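Student: predicted coordinates and the sequence they were generated for:
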Amino acid sequence: DTGVSQDPRHKITKRGQNVTFRCDPISEHNRLYWYRQTLGQGPEFLTYFQNEAQLEKSRLLSDRFSAERPKGSFSTLEIQRTEQGDSAMYLCASGNVNTGELFFGEGSRLTVL
Amino acid sequence: DAKTTQPTSMDCAEGRAANLPCNHSTISGNEYVYWYRQIHSQGPQYIIHGLKNNETNGMASLIITEDRKSSTLILPHATLRDTAVYYCIVRAVGGANSKLTFGKGITLSVRP
């Protein structure tokens, strides 16, 4: 399968714990995006990378959130000291700078107890 | 990104055409109209996009009005598997600001 893959698909954690999600984009794509989606809402933009450079971060991305894309390949999204409000689906997408299509993964669902 | 407005929901009968409207009255000249859909518990899926000409692919047709202030996504023969949330998004391609900004979309229910 050459699509966008995300891991883990589901994560249940206790409040205050740290969690990390991984995204493997489509290999030839230079842009990688992170979104968050809560029930009944459309996906909300968090951040995106062009190669290894993080070009934009949403105000939603508090200082407890950090994203990296070392070497411009896979990306990780870490949430420190999780709160119940962090419970959501975290979606990753990849694409090329000059084309419009973004390809999304199946998401990583986080539940904070 | 310019904002879009869509009805909250609509339904259609299986086998009939589903016409999903979208208003984007503040669209800029360099912004494209994109449609994505999201089937329950899956990531969004790209459907089609266009600038000013009508577009068609294996999934759908996109009709954009001449003034580009509105568009319609047409699923010619809706099936039960087309039941999903459909998002209309306007976006400039390339450049520094290329993220997709999703609204709440329109929930399409295809009935047997």
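Tutor: Here it is on my side, so go on.

Student: and the lowest-mean-pLDDT helix or strand in chain A, C-alpha only, in PDB?
Tutor: For chain A, counting by mean pLDDT, DSSP states H and E, strand A:53-57 ranks last in confidence among helices and strands (a mean of 91). The C-alpha trace of strand A:53-57 is given here as PDB (Å, rounded to 0.1, in the frame of the first residue of the first chain):
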ATOM      1  CA  ALA A  53      11.000  22.800   7.300                       C
ATOM      2  CA  GLN A  54       7.900  23.500   9.400                       C
ATOM      3  CA  LEU A  55       6.300  26.400   7.500                       C
ATOM      4  CA  GLU A  56       3.200  27.100   9.500                       C
ATOM      5  CA  LYS A  57       1.700  26.400  12.900                       C
END
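
Student: chain center to the helix or strand that it is followed by: distance?
Tutor: Remark: after strand A:53-57, the chain's next helix or strand is strand A:65-68, criterion DSSP states H and E. How far strand A:65-68 lies from its chain's middle: 9 Å, per CA atoms, centre = their mean, to the nearest Å.

Student: helices or strands up against strand A:65-68?
Tutor: strand A:44-50, strand A:75-79 (3 or more CB pairs under 8 Å, 6 or more residues apart in numbering or on different chains; DSSP states H and E). In short, each C-beta sits where N, CA and C put it, glycine included.

Student: repeat the analysis, applying 6 Å as the threshold.
Tutor: strand A:75-79 (3 or more CB pairs under 6 Å, 6 or more residues apart in numbering or on different chains; DSSP states H and E).

Student: just want the angle from the least confident helix or strand of chain A to strand A:44-50.
Tutor: 160 degrees (axes from the mean of the first three to the mean of the last three CA atoms, to 10 degrees).

Student: contact partners of strand A:53-57?
Tutor: Residues outside strand A:53-57 that contact it (CB atoms under 6 Å, 6 or more residues apart in numbering or on different chains): A:T47, A:Y48.

Student: please apply the same query to stretch B:5-14.
Tutor: Counting by CB under 6 Å, 6+ apart, B:A18, B:C22, B:N23, B:A78, B:C88, B:I106, B:T107, B:L108, B:S109, B:V110, B:R111, B:P112 sit against stretch B:5-14.

Student: same deal with stretch B:73-87?
Tutor: B:12, B:15, B:17-20, B:35-39, B:60-62, B:102, B:105-110.

Student: list the buried residues of it.
Tutor: Along stretch B:73-87, these residues count as buried under the neighbour rule (16 or more other CB atoms under 10 Å in any protein chain shown): B:L73, B:I74, B:L75, B:A78, B:D82, B:T83, B:A84, B:V85, B:Y86, B:Y87.
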